[in-house]
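Engineer: missing the sequence, but the structure's below:
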C-alpha cells in the first residue's frame, strides 16, 4: 500500500455523494493499492476519538464505487488492518452493476471529429489538465449519454464549465444529484437547504476556433465594456434559459433556482466581461468620477442597454426575473484552471511552469483597479492564498449574484465558500470566504528553467495561453 497525499485524495473524493463533506469524521490519512484501482482513507471521530474506514475501487468503466464506509466504529489498529487488507489483496475492477449505464470513455481512439480545443489536451504541458478533466467526468453522478462525445467536439466549453461547476459544488461538501435531465444539478446541505442549478455558457453569434483565435481586445470605453455587446450576450443567454421554464418544472417549483454562467462570447472575453454581467443583472453603470483628487466608481442606474434592440437592464428587477434566485459566475472555466489545480496539489509537470498573473479584487469602497500579482502556481506562496486548502480550490473564482426580488431566495450557506454579492442600502455588499479573490487573470505556460516574470513584464499583454 502506498501513502496518498491528502490533496490527491481530495480529487478522488469528489466522486463521493457529498464530496469533501466528512463532517465530524475527517480523514487522517489515505492510501492506494499498487494497482491504483483501490483507494482507502482512515477517518477519526472528533467526538469519540474512534476511527473509521473508507474503501473505494474502480469499476470496469473506471467510475469509483464505494466498497465500505464506516465511521466511529474501530480502534486505530482495527481500522488500519481493514485498509491494509483492501490495498494489498489481489483485486480487479468491479463489474458495472446490472441496470447501471456503463460510462463511455472520455477519450475514444476511434473518434475522428475532435475539436481543436480538445486536441490541446494532448500537449505534454497540459497533461495534468487532461487527467483532471477525466477524473471530474468519472466523478459526476449521472452525466448525459452524449457527454463524452459532445465534450470532444464543438460543445467542449459547455462541458468544461459543467465539470468545473460540479467540482466546486462537491468541493464545498454539497450533496450533488443528477436525477433529472434538467436542470443540471440538484444540490443540498444541512445549513443552506437545497437548490437547482442549470449551467450555461454565453456563446458567440458567429462561432470561432477557441484553440487558435487571436484574443479580442476589450472595449476601451467603460460604458461599452459594462453595457455593450457582452451585456447583450449575457441577457440573451439568460433569457433563453428562463424561457425554458425550469423554475416551473414539477420537481423545481417552489425551490431556489440558479443559473450558472461562464462567458465565451469572444476570445478571452471572460477576462473582462464580469462587469457586464453585473450591469445587466442589477441595472447600473459604474461611472468614474473624481472626488477630492481621487478617481472612484459611482453607480448610476440604467434601465435599458444602449444597443439595438433596446434590451431592458436590471433582470433582477423585472417580473420574469423573480423566478431566478441567483446567477452563479466564474472566470475560471478554462484549460488553465484544469491544470493549475493539480499542479498546485503537487502533481508533476516535468519541464513546465505555470505562472498566473492578474489582479486580486480590491474591496476598498469606490476602488477602480485591482491589486496586481504574478505567481508560480506550484509554490507554497501561491497555495497559501487559498487557506484552509493546501492547493488552489475549484471554488476560488465562484461568485454568486443574488436576486433581491426572488420569490425563492438562495441561502448563502448553501454555497459556503463562494463570494456572495447582495445589494445593501444602495451599494453592492460582498461576503467572501477566501482572503484573496481574483478579479481577472491569465496563465502563462513557460519553460521551467526560466525565471518567474514580474507583474510589469506580464500584466495583461498577449502572451501565454491567455485563457482566464
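Structural biologist: The structure has been received and is ready for your questions. Given the structure is predicted, the values throughout are model-derived calculations rather than measurements.
Engineer: ranges for the strands of the stretch 101-250 of the chain?
Structural biologist: Chain-ordered strands for the stretch 101-250 of the chain, with DSSP state E, counting those that start in this stretch as the definition, fall at 175-177, 185-189, 193-202.
Engineer: mind listing what's buried along the second one?
Structural biologist: So the one you mean is strand 185-189. 185, 186, 187, 189 (16 or more other C-beta atoms under 10 Å). No exception for glycine: its C-beta is placed from N, CA and C like everyone else's.
Engineer: bridged to the second one, which residues?
Structural biologist: It refers to residue 186. As for beta bridges, residue 186 partners with residue 177, residue 196 under DSSP bridges.
Engineer: export the buried residues of strand 185-189 to TSV and tack on distance to residue 51 and pLDDT?
Structural biologist: Output for the buried residues of strand 185-189, formatted as TSV (distance: C-beta to C-beta, whole Å; pLDDT from 0 to 100):
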residue	distance to residue 51	pLDDT
185	33	98
186	32	98
187	30	98
189	25	97
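Engineer: pLDDT below threshold where in the protein?
Structural biologist: 288, 290-293, 295-297, 365-368, 426, 458-468 (pLDDT under 70).
Engineer: coming back round to it: could you export the strands of the stretch 101-250 of the chain as CSV, including distance to residue 27?
Structural biologist: Putting these into CSV (distance: least, C-beta to C-beta, whole Å) gives the following:
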stretch, distance to residue 27
strand 175-177, 18
strand 185-189, 19
strand 193-202, 26
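Engineer: doesn't residue 385 lie inside a strand?
Structural biologist: No. Counting by DSSP: H, G, I helix; E, B strand; the rest coil, residue 385 is not part of a strand but helix.
Engineer: that one contacts residue 434, correct?
Structural biologist: Yes. Using C-beta atoms under 8 Å, residue 385 is in contact with residue 434, at 7.4 Å.
Engineer: beta-bridge partners for residue 358, please?
Structural biologist: Beta-bridge partners, per DSSP bridges, of residue 358: residue 373, residue 441.
Engineer: okay, and the beta partners of the residue lying closest to residue 27 once chain neighbours are set aside?
Structural biologist: Nearest non-adjacent residue to residue 27, counting by C-beta to C-beta, 6 or more residues apart in numbering: residue 41, 4.5 Å away. Counting by DSSP bridges, residue 41 forms beta bridges with residue 30, residue 54.
Engineer: can you give me the end-to-end distance of stretch 15-34?
Structural biologist: Stretch 15-34 has an end-to-end distance of 20 Å (C-alpha to C-alpha, to the nearest Å).
Engineer: so what's the residue count around residue 157?
Structural biologist: Using other C-beta atoms under 10 Å, the number of residues around residue 157 comes to 20.
Engineer: let me redo that: residue 452
Structural biologist: 15.
Engineer: can you classify it as helix, strand or coil?
Structural biologist: Per three-state DSSP, residue 452 ends up coil.
Engineer: contacts only, for it.
Structural biologist: Residue 452 makes contact with 353, 355, 374, 375, 376, according to C-beta atoms under 8 Å, 6 or more residues apart in numbering.
Engineer: distance of it relative to residue 52?
Structural biologist: Residue 452 is 42 Å from residue 52, where distance means C-beta to C-beta, to the nearest Å.
Engineer: could you tell me how many residues sit around residue 62?
Structural biologist: Per other C-beta under 10 Å, the neighbour tally for residue 62 reads 15.
Engineer: list the contacts for residue 123?
Structural biologist: Contacts of residue 123 by C-beta under 8 Å, 6+ apart: none found.
Engineer: distance of it from residue 129?
Structural biologist: 9 Å.
Engineer: ranges for the helices of the chain?
Structural biologist: 6-13, 76-88, 116-119, 127-139, 147-151, 156-171, 222-227, 229-242, 274-282, 335-344, 380-383, 455-458 (DSSP state H).
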